[in-house]
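Colleague: I would like the atomic coordinates for the input below:
(6 chains, ligands or ions: 6)
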Amino acid sequence: MSDVLSLATQNLLSPMVLFFALGLLAALAKSDLVVPEAIAKGLALYLMMAIGFKGGAQVAASGVSARMVATILSGIALSLLIPCLAFLLLRLTSRLSAIDAAATAAHYGSISIVTFIASTQALQSMGLDYEGYLVAVAAGMEAPAILVALLIARRYSDCAGDEPLGRMLREVAGNSSVVMLIGAFIIGWITGARGYEMIKPFIGDLFLGVLCLFLLDMGLIAGRGLREGRRQLSAPVILFGLYMPLVSAALTLPVCWLLGLSTGGSTLLLTLAASASYIAVPAAMRLALPEANASIYLTLSLGITFPFNLTLGIPTYVWIARSVIGS
Amino acid sequence: MSDVLSLATQNLLSPMVLFFALGLLAALAKSDLVVPEAIAKGLALYLMMAIGFKGGAQVAASGVSARMVATILSGIALSLLIPCLAFLLLRLTSRLSAIDAAATAAHYGSISIVTFIASTQALQSMGLDYEGYLVAVAAGMEAPAILVALLIARRYSDCAGDEPLGRMLREVAGNSSVVMLIGAFIIGWITGARGYEMIKPFIGDLFLGVLCLFLLDMGLIAGRGLREGRRQLSAPVILFGLYMPLVSAALTLPVCWLLGLSTGGSTLLLTLAASASYIAVPAAMRLALPEANASIYLTLSLGITFPFNLTLGIPTYVWIARSVIGS
Amino acid sequence: MSDVLSLATQNLLSPMVLFFALGLLAALAKSDLVVPEAIAKGLALYLMMAIGFKGGAQVAASGVSARMVATILSGIALSLLIPCLAFLLLRLTSRLSAIDAAATAAHYGSISIVTFIASTQALQSMGLDYEGYLVAVAAGMEAPAILVALLIARRYSDCAGDEPLGRMLREVAGNSSVVMLIGAFIIGWITGARGYEMIKPFIGDLFLGVLCLFLLDMGLIAGRGLREGRRQLSAPVILFGLYMPLVSAALTLPVCWLLGLSTGGSTLLLTLAASASYIAVPAAMRLALPEANASIYLTLSLGITFPFNLTLGIPTYVWIARSVIGS
Amino acid sequence: MEMHAKKRVEIVVEAPLLNRLLGILDDANVSGYTVLPAIAGRGHHGSWSREGLATDAGRMVVVVLIVSPDAAPGLMTAIRPLITRQIAIVSVSDVQVIRGERF
Amino acid sequence: MEMHAKKRVEIVVEAPLLNRLLGILDDANVSGYTVLPAIAGRGHHGSWSREGLATDAGRMVVVVLIVSPDAAPGLMTAIRPLITRQIAIVSVSDVQVIRGERF
Amino acid sequence: MEMHAKKRVEIVVEAPLLNRLLGILDDANVSGYTVLPAIAGRGHHGSWSREGLATDAGRMVVVVLIVSPDAAPGLMTAIRPLITRQIAIVSVSDVQVIRGERF
Ligand SMILES: Nc1ncnc2c1ncn2[C@@H]1O[C@H](COP(=O)(O)O)[C@@H](O)[C@H]1O
Ligand SMILES: Nc1ncnc2c1ncn2[C@@H]1O[C@H](COP(=O)(O)O)[C@@H](O)[C@H]1O
Ligand SMILES: Nc1ncnc2c1ncn2[C@@H]1O[C@H](COP(=O)(O)O)[C@@H](O)[C@H]1O
Ligand code: NA
Ligand code: NA
Ligand code: NA
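Modeller: Ligands and ions are numbered 1, 2, ... in the order given. Sure thing, here's the model as predicted:
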């Protein structure tokens, strides 16, 4: 227990989390601090390029294994399962309509790549390695949950019926973060250590500094989201945003153990399962389930679950992985 | 004297000043070279993050002192005093209306953070240290002068009366550069040398290169401002833009001496006093004193005083600090 | 021959070319991956600042020579000659109207600075040096071809007559990339090795990583261009986009030899001659020859010639230079 | 100079729906359109702002198109489903243009 | 299809004043508004351009809102002080919308 | 409140031609104009989008200006050459403004 506390403290006092907190406070205090949209998108491209490339370069060094394929498939299975569970929990504990619950559930089945990146950074500061292919797992877990949410919504509502599922899936699978992650992963894989050496000053050395600036922006929009949307959230929904990550992580823990992932790799798979999307899935939900109230899922995912994961979640997942998988 | 000349030459031939000159010439020659708005804002965020963080990390190393508090208070006092002096000088020497003179005076009581950053860079290239908390002094000097200008304007005009002072002050105090500077300063303070090590490749190594690109942009907008606004400026007003920095510096010199600041720290406080705002204060003046002619204060601060400080002012302040405080 | 193959393979598997391919594929597959306009412009500014500065710093080390002046003049002569040849070839082999052919020819007389930069990077990865002043040659070759194209168009059409040539030339000569290249070149020259040391972490170490991100963007717009414009291109025009670079390179080879350029320098002059503009010249043509069909020249230059040069062209020019000039 | 009466249609639409709207316009046989960015707004569903890496959900863009008066009703019918089910605001006004034949 | 007559109000306003204007609109009980960026302009006070790190002073944004014809005069009265004392240009035109009840 | 009848002119023009158009407007003695960015579009010459480092060729911007009704015909004549020879779309509509004397 003192272990998890010291992990949490170390994480909470990292520049990364502190810049996030700065953004959050600035937004809540109505400061006019903003990161221009183009810069935020540029930083996101950079982070995905860097994390994808590094993952690929690691795989080039370690080689492909059956475990890699199994982990990707397990990730996809988790992202199909978690939204069902999330839907049930929301319907049982809150008064959200079926459509709102389905739309929200989709977010928790998908992933947040920034949470993933922050988790890799926390691992690195503890000297823990992880399997490079988890980047590919992350990319594979972006889209499937959307499919499940649409199928659920169709059972409960006829107005949610006119969107061709295939087209939706294709749009989400071709979304920019999936393409950038997978693309950079493959390039890192092809060019290996030699390629990494060439661009290391850019994608390696600057990584943590850029991440700090990006998390400042995440804090700003999380804070703005909370200010705008907090009245939309009832207590049971807010609680869901806090316990659902832990439920997903609990569900994922035996999977990590069965797959035989390292402690670092397990932490990342737990993080992926526990994190919720706030970029790709909301946009997909506006298209597919426009009747769902966007304020609910956006505020919950970005304003509650993301800060929770960044501050307390990640050290918890490290601690669980360490305790169960060993370090 | 040959000392100040060699300092000036060294400064004038630095990449920093030369990129500024490139921008200035390109704008005067009507080239279509521009730095996109989002990039310029991103560079500014970066510079404030870096300078704030480094200041905080230095304070973490050196500890808080009574001198720190005294310097911040002195800075605020200077920024209340300088606009009064500036207003008097403008009214005595030029034909500016009271409103125009008050609005212009506010700019000279506030500060230019880029001038401050350029000054830290000049110090560094000479191997001179400075007190990290001067970043906090800079942040503290952004807003107070606006208050003084409004009080002056109200004495002279009744139309300048309907803006609640408190609201104005709060808006300026929560402006993005104050929040970013203070926020990064505190994060640097909390995380100290360990935090700095983590993000040094980003905020440390790249600093001067980014500053060059940013000064290119400053040159471009100073040049455009001059092209657009030079006909608005009479000779006495232009002269004011050149001697006022020296007046402010002269006023500040005994304060440095009383505070017991180092040579580097004194240079920076002189620079802060001598520099004029061209981002936060103009926007505040459009709100508070819309009757004042924006071309006058913008052209003067950005087209005259900023280039003067960057090229000749900074070496002069170094030289004064060295001569009086010792090196 | 196996030499050129191994050069080509090495080039094709560089992160640089692979990121370009990623962009191309993503655009052809209609992914929504985009690089925001402001970021793309910022990256372009960075690349020109870096390449210009490094060229200038090299000239500061090596000194000015008669060869430098001769090379710049030869570059200008080539960019006056190549459009005439391009016009003749287009008229002989395709059904393009005189106006369309003239507008297209202008692009091949001018240069692509990104192709030039990619070529310097390829040289560096092979350990080949080049004369720093080739940056100035590149800048000098941007505009003259436009003049030739207008003169040709006027002979064939009276509607192309109302644009004052001088004004056109002045606009293109003051365009942002010329100003940035020449400006940074001169600053690098003035500040020399000392200046370079100061900003090397920014303009040196990051260079290849930034170039990768930029080439991703180039791939995206080349792919989009191909998707939009491919129906505008007949087979003879597409072929022209592939053989014209080789024709220009062949024309340039004796010039390199006469000038006594190094192998690296020769490669770069061949690359400049072989590359086609897709930023400055298209915009100039919209002004000067609006009757010309923009889809033709844009798709050809950006969608055919640029990818050809980046993938196969550059290794070919290295190989030619090596074979003829020696290594 | 001779001027021709046309309709100017202005559609404020949520960014994730833009591609779908443009698809409808392409099918609806209009001569062209121009898309303008928006930076902030407020409506029944609260306010939004473009800054930061927000998702496209909740962000608006504005599509402007000049159409011939005859084509306007058909266009309205084509985009109606989008409007009733999702967030889009359509307004139509009278304008005069110079070269009438191109619309 | 039934169309309803509304007013389209377009306000060109200096960026530092935007928040104040939006505050007035919020109080004036309008159903919504959309803010568009501007990149350059010219007027009696000279010309401006958005590029570079210029201050917000002198830069314009455009606020567009659809209001019911009854609400227009009250709105004009509410924003008049802003217009007379500071830089803002307001123009009003007639438009037709599809779902009239939402404005 | 007294309103004055003016004309709102909206010109969609290719970016490389913007400076030339603004030069014409400056000569044409208009009281001012505002330039808005566009992010995408489609027309007879195909579609375009602003993202990435595209050239200015083929990209549009929108110039909006309020002019007095008397000045409108002269303005149309002045910009006609630009329109007939190059890519520009001009539409004119009726608007009401508050302070009529400034236009
Ligand atoms: N009356 C209006 N005039 C102009 N834009 C509006 C209006 N109402 C809503 N909007 C825009 O449409 C978006 C969504 O509106 P709503 O669905 O009412 O929240 C708002 O955020 C505004 O950007
Ligand atoms: N007649 C006009 N039509 C459209 N925009 C205008 C007009 N006059 C002024 N503006 C805009 O309002 C800004 C300020 O105008 P002014 O106060 O006249 O300098 C200008 O820079 C333009 O962006
Ligand atoms: N009917 C229209 N309404 C609005 N904008 C248009 C229209 N037609 C063309 N445009 C714009 O003008 C650009 C050039 O048109 P075009 O010359 O027809 O290709 C298009 O890409 C659009 O941005
Ligand atoms: Na998840
Ligand atoms: Na000052
Ligand atoms: Na060429």
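
Colleague: just name the shakiest helix or strand of chain D by mean pLDDT.
Modeller: helix D:71-85 (a mean of 86; mean pLDDT, DSSP states H and E).

Colleague: what comes up buried for that one?
Modeller: D:Ala71, D:Ala72, D:Leu75, D:Met76, D:Ala78, D:Ile79, D:Leu82, D:Ile83 (16 or more other CB atoms under 10 Å in any protein chain shown). C-beta coordinates here come from the backbone N, C-alpha and C atoms, glycine included.

Colleague: out of those residues, which is nearest to ligand 4?
Modeller: Checking the buried residues of helix D:71-85 against ligand 4 with CB to the ion, the nearest one is D:Leu82 at 30.8 Å.

Colleague: output the below-cut-off pLDDT ranges for the chain.
Modeller: Picking chain A for this. For chain A, the stretches with pLDDT under 70 are A:1, A:158-163, A:327.

Colleague: to clarify, I was referring to chain D.
Modeller: Residue ranges of chain D with pLDDT under 70: D:85-86.

Colleague: which residues in it form strands?
Modeller: D:4-14, D:33-37, D:40-43, D:46-49, D:60-67, D:88-97 (DSSP state E).

Colleague: can you put those in a markdown table and add mean neighbour count and distance to A:Leu272?
Modeller: Formatted as a markdown table, those follow (neighbours: other CB atoms under 10 Å in any protein chain shown; distance: least, CB to CB, whole Å):
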| stretch | mean neighbour count | distance to A:Leu272 |
| --- | --- | --- |
| strand D:4-14 | 21 | 28 |
| strand D:33-37 | 22 | 33 |
| strand D:40-43 | 21 | 33 |
| strand D:46-49 | 18 | 28 |
| strand D:60-67 | 22 | 32 |
| strand D:88-97 | 21 | 35 |
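
Colleague: closest one to C:Ala138 among the ones you listed?
Modeller: Among the strands of chain D, strand D:33-37 comes nearest to C:Ala138, with 34.1 Å by CB to CB.

Colleague: who's in contact with the closest one?
Modeller: Residues outside strand D:33-37 that contact it (CB atoms under 8 Å, 6 or more residues apart in numbering or on different chains) are D:18, D:22, D:25, D:50, D:61-65, E:36-37, F:12, F:36-42, F:60, F:62.

Colleague: that one close to ligand 1?
Modeller: No: using CB under 6 Å from any ligand atom, strand D:33-37 stays clear of ligand 1, with a minimum separation of 11.8 Å.

Colleague: for the least confident helix or strand of chain D, packing partners?
Modeller: strand D:4-14, helix D:18-27, strand D:88-97 (3 or more CB pairs under 8 Å, 6 or more residues apart in numbering or on different chains; DSSP states H and E).

Colleague: how far off strand D:4-14 does it point, in degrees?
Modeller: Taking axes from the mean of the first three to the mean of the last three CA atoms, to 10 degrees, helix D:71-85 and strand D:4-14 form an angle of 10 degrees between their directions.

Colleague: quick one, helix D:71-85 and strand D:88-97 angle?
Modeller: Using the same axes, to 10 degrees: helix D:71-85 against strand D:88-97 is 160 degrees.

Colleague: show me how far helix D:71-85 is from its chain's centre.
Modeller: 11 Å (CA atoms, centre = their mean, to the nearest Å).

Colleague: now that helix against strand D:60-67, angle please.
Modeller: Using the same axes, to 10 degrees: helix D:71-85 against strand D:60-67 is 160 degrees.

Colleague: helix D:71-85 to helix D:18-27, inter-axis angle?
Modeller: Using the same axes, to 10 degrees, helix D:71-85 lies at 150 degrees relative to helix D:18-27.

Colleague: what's the spacing between A:Ala222 and A:Phe308?
Modeller: 11 Å (CB to CB, to the nearest Å).

Colleague: so for those two, which sits in the more crowded spot?
Modeller: A:Ala222 (27 against 22; other CB atoms under 10 Å in any protein chain shown).

Colleague: wait, the more buried one touches A:Thr305, no?
Modeller: No: if you go by CB atoms under 8 Å, A:Ala222 and A:Thr305 don't touch, sitting 10.0 Å apart.

Colleague: tally up the residues packed near A:Gly204, please.
Modeller: By the criterion of other CB under 10 Å, A:Gly204 has 17 neighbours.

Colleague: so what's it up against?
Modeller: If you count contacts by CB under 8 Å, 6+ apart, A:Gly204 has them with A:Ala50, A:Lys54, A:Tyr196.

Colleague: and the helix or strand hosting the second one, how far out from the chain's middle?
Modeller: Under the criterion DSSP states H and E, the helix or strand holding A:Lys54 is helix A:37-62. With CA atoms, centre = their mean as the basis, helix A:37-62 stands 15 Å off its chain's centre.

Colleague: that one packs against which elements?
Modeller: helix A:113-125, helix A:134-140, helix A:176-200, helix A:207-229, helix B:37-62, helix C:37-62, helix C:207-229.

Colleague: grab the nearest non-local neighbour of A:Ala118.
Modeller: A:Leu310 (5.7 Å; CB to CB, 6 or more residues apart in numbering or on different chains).

Colleague: please report how far that neighbour lies from B:Leu261.
Modeller: For A:Leu310, the distance to B:Leu261 - CB to CB - is 39 Å.

Colleague: ok, now A:Thr252?
Modeller: From A:Thr252 across to B:Leu261, the span is 56 Å (CB to CB).

Colleague: how about the residues of chain D by ligand 3?
Modeller: So chain D meets ligand 3 at D:Ser31, D:Gly32, D:Tyr33, D:Thr34, D:Val64, D:Leu65, D:Ile66, D:Phe103 (CB under 6 Å from any ligand atom).

Colleague: which single one of those residues is nearest to C:Val135?
Modeller: Looking across the residues of chain D next to ligand 3 and measuring by CB to CB, the closest to C:Val135 is D:Thr34, at 38.6 Å.

Colleague: name the residue of chain D that lies nearest to ligand 3.
Modeller: Using CB to the nearest ligand atom, the single residue of chain D nearest to ligand 3 is D:Gly32, 2.3 Å away.

Colleague: so what's the residue count around that residue?
Modeller: D:Gly32 has 21 nearby residues by other CB under 10 Å.

Colleague: next: A:Asp3.
Modeller: By the criterion of other CB under 10 Å, A:Asp3 has 12 neighbours.

Colleague: where's it relative to ligand 3, distance?
Modeller: 61 Å (CB to the nearest ligand atom, to the nearest Å).

Colleague: who's in contact with the residue in chain D that chain E sits nearest to?
Modeller: When scored by CB to the nearest CB, chain D has D:Gly43 as its residue closest to chain E, at 3.5 Å. D:Gly43 makes contacts with D:Ile87, E:Ser31, E:Gly32, as judged by CB under 8 Å, 6+ apart.
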